[in-house]
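**Student:** Just a sequence and a predicted model for now, questions to come.
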Amino acid sequence: MRGGTVAVVGGSIAGCAFASAAARAGAERVVVFERTGGRMADRGVGLCVHDERAAELTAMGTLPAGIPTHRLTRRRWVVRDGSASPAGKLFWEQPFPFHSYHWGLLWRGLREATPASVVYRQGVTVTGVAGDGGRAELLLADAGADAGANAGTGDLERHDLVVGADGYRSVVRDAVCPGSRPHYAGYVCWRGNFDARLLDGIGADIWPCDAVTTVCFPGGSCVVYRIPGPDGTRVNWVLYAVPPRSGNLRLDDPTSFPPGRLTTELADGLAELLAREFPPYWARLLALTPPEDTFVQPIYDLETARTTAGRLLLAGDAATVVRPHNTSGAAKAMQDAAAFESAWRASASWDELLHAYQEARGAAGRELVALARRLGRAQVEQTPDWAAMSRDEVEAWWQGQLGGAAGIGGQAMAPAP
């Protein structure tokens with residue numbers, strides 16, 4: 001199948017990966033619509049990709065080579081135990097074959113790898129889509145100054161296929177699965193990152209460079225690891241817990257508190273939690289984070305009944321919202337793109353392409369949602385007495401969360417038919 005026009009709604013990691021996949025597979029024209037007008041490369045959030053997923057995606061041409069990473073090999077689980085050790089009690093260590101990424105640097109690598117034929121239109125908001133017939137339609141609220149003849153408000157564009165890579169508040173998902181919305185899990189994650197050179201003031205040698213540390217406490221856990229940054233190594237952390245009880249926080253509708261907009265209530269709740277539950281070293285480490293680099297994301301999840309409808313297709317978080325415990329978000333988005341490209345090359349029509357993509361990625365997304373829910377229950381909602389468990393008990397606890405899965409970080413893609 002050659003030719004046709006593809007519109008990709010959303011220009012972040014999933015959007016860039018899908019744009020490249022469509023162009024490589026043979027689309028005549030690919031247009032990306034990204035509503036954010038600022039510098040996306042400035043986003044400093046950390047993420048991890050399993051070594052096997054990275055190798056698989058690189059071999060398929062989906063993950064470009066040369067993007068900065070930080071190598072991780074082990075995950076250390078610690079708990080505050082009242083001892084003299086400032087770093088707490090190490091009660092378990094497991095292999096962790098991952099590389100960490102800086103979100104902005106990963107996005108920049110994917111963006112720079114998109115073929116020159118891809119049109120990337122930034123600052124353009126898609127307000128509605130439809131795709132029941134032989135074509136798909138996009139309604140643009142503000143096409144921006146770089147959209148040429150289509151600039152204006154309320155413009156309508158027609159394409160052969162629309163890919164929804166527009167995240168957990170997806171406009172495209174509203175058309176594919178009407179009424180399907182992410183559900184609040186009952187807890188949030190505080191997130192932050194800072195220059196790793198600040199560790200020198202509290203003892204950088206306490207924490208091995210290749211180790212992810214999970215700080216455990218009743219009702220939550222916090223994952224800390226190093227990531228590459230534009231100006232050197234940074235420390236990235238994600239802390240899961242129930243937020244302060246207050247009528248001032250409305251979290252049932254998808255929302256977030258971005259850097260610089262953290263409420264006093266959430267900032268105070270984080271400080272109290274660190275003082276009460278964290279070993280001193282890790283409390284001091286998180287406190288090194290500047291307020292402008294600290295934010296809160298309520299945790300949501302969602303599994304959709306389908307990932308395609310008419311000439312519409314869902315990708316990444318638009319298709320399934322997976323709690324971050326599974327460390328699979330970026331890999332899943334790129335696997336979706338790789339499966340899309342494989343399905344395109346094996347199909348003779350748009351209908352065949354959409355059917356093959358649904359078969360390849362529908363169940364995979366639902367399995368990730370289920371695994372992340374089990375991880376969230378065990379590590380936040382129903383935390384055990386970690387310090388009291390033997391090594392065998394910790395191993396059994398971990399295997400119970402996996403529920404038969406080989407591990408976290410996503411699974412290998414099924415071979416193309």
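**Tutor:** Everything's here; your move. Not measured: the values here are computed from a predicted model.
**Student:** Find the centremost residue of the chain, please.
**Tutor:** To find the centre residue of the chain, average its C-alpha atoms and take the closest one (C-alpha atoms, centre = their mean): that gives G329, at 3.6 Å.
**Student:** Tell me the spacing between that one and I13.
**Tutor:** 8 Å (C-beta to C-beta, to the nearest Å). Heads up, the C-betas are built off the backbone N, CA and C, glycines and all.
**Student:** Identify the contacts common to those two.
**Tutor:** By C-beta atoms under 8 Å, 6 or more residues apart in numbering, G329 and I13 have these common neighbours: G316.
**Student:** just checking, what packs against the longest helix along the chain?
**Tutor:** Ordering each helix of the chain by length in residues (DSSP state H) puts helix 350-376 first. Judged by 3 or more C-beta pairs under 8 Å, 6 or more residues apart in numbering; DSSP states H and E, the packing partners of helix 350-376 are strand 183-195, strand 294-303, strand 308-309, strand 320-321, helix 329-346, helix 391-402.
**Student:** okay if I get those as TSV plus distance to H70 and mean pLDDT?
**Tutor:** Listed next are the helices and strands packed on helix 350-376 as TSV, based on distance: least, C-beta to C-beta, whole Å; pLDDT from 0 to 100:
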stretch	distance to H70	mean pLDDT
strand 183-195	12	94
strand 294-303	21	91
strand 308-309	36	96
strand 320-321	26	95
helix 329-346	14	97
helix 391-402	24	97
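**Student:** partner strands of the worst-scoring helix or strand of the chain on mean pLDDT, parallel or antiparallel?
**Tutor:** Lowest on mean pLDDT, DSSP states H and E among the helices and strands of the chain sits strand 136-142, with a mean of 88. Strand pairing for strand 136-142, using DSSP bridges, gives strand 125-130 (antiparallel), strand 155-159 (antiparallel).
**Student:** Identify whichever of those strands lies nearest to L285.
**Tutor:** Shortest distance between L285 and these, using C-beta to C-beta, is found for strand 125-130: 38.9 Å.
**Student:** Go ahead and measure how far that closest one is from the middle of the chain.
**Tutor:** Here strand 125-130 shows a centroid-to-chain-centroid distance of 23 Å under the convention C-alpha atoms, centre = their mean, to the nearest Å.
**Student:** Please identify the buried residues of that strand?
**Tutor:** Using 16 or more other C-beta atoms under 10 Å as the test for burial, strand 125-130 gives T125, V126, V129, A130.
**Student:** likewise stretch 297-309?
**Tutor:** For stretch 297-309, the neighbour count (16+ other C-beta under 10 Å) marks Q297, P298, I299, Y300, D301, L302, E303, T304, T307, T308, A309 as buried.
**Student:** The stretch 51-200 of the chain: strands as residue ranges?
**Tutor:** With DSSP state E, counting those that start in this stretch, the ranges of strands along the stretch 51-200 of the chain come out as 70-79, 89-102, 119-122, 125-130, 136-142, 155-159, 161-164, 183-195.
**Student:** isn't there a helix covering Y281?
**Tutor:** Yes. Counting by DSSP: H, G, I helix; E, B strand; the rest coil, Y281 is found in a helix.
**Student:** Pretty sure it sits against G88.
**Tutor:** Yes. Judged on C-beta atoms under 8 Å, Y281 makes contact with G88 at a distance of 7.4 Å.
**Student:** any weak-confidence spans in this protein?
**Tutor:** For the chain, the stretches flagged by pLDDT under 70 are 41, 142-153, 246-250, 252-256, 258-260, 416-417.
**Student:** From the centre of it, point out the most distant residue.
**Tutor:** Max radial position in the chain (C-alpha atoms, centre = their mean) goes to A84, at 37.0 Å.
**Student:** And that one, how far from S342?
**Tutor:** 56 Å.
**Student:** if we can go back for a sec, from the helices and strands packed on helix 350-376, which stretch is densest packed?
**Tutor:** strand 320-321 (a mean of 28; mean count of other C-beta atoms under 10 Å).
**Student:** Packing partners of that strand?
**Tutor:** strand 294-303, helix 350-376.
**Student:** who touches the nearest residue to G400 once chain neighbours are set aside in this structure?
**Tutor:** Spatial nearest neighbour of G400, chain neighbours left out: A378 (7.2 Å); criterion: C-beta to C-beta, 6 or more residues apart in numbering. By C-beta under 8 Å, 6+ apart, the contact list for A378 reads P384, W397, G400, Q401.
**Student:** Which of the residues you listed sits closest to G365?
**Tutor:** Using C-beta to C-beta, Q401 comes nearest to G365 of the contacts of A378, at 18.7 Å.
**Student:** Surely the closest one touches R374?
**Tutor:** Yes. The pair formed by Q401 and R374 meets the contact definition of C-beta under 8 Å, at 4.9 Å.
**Student:** before we move on, the earlier item: can you lay out the buried residues of strand 125-130 as TSV showing distance to L262?
**Tutor:** Formatted as TSV, the buried residues of strand 125-130 follow (distance: C-beta to C-beta, whole Å):
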residue	distance to L262
T125	26
V126	29
V129	33
A130	38
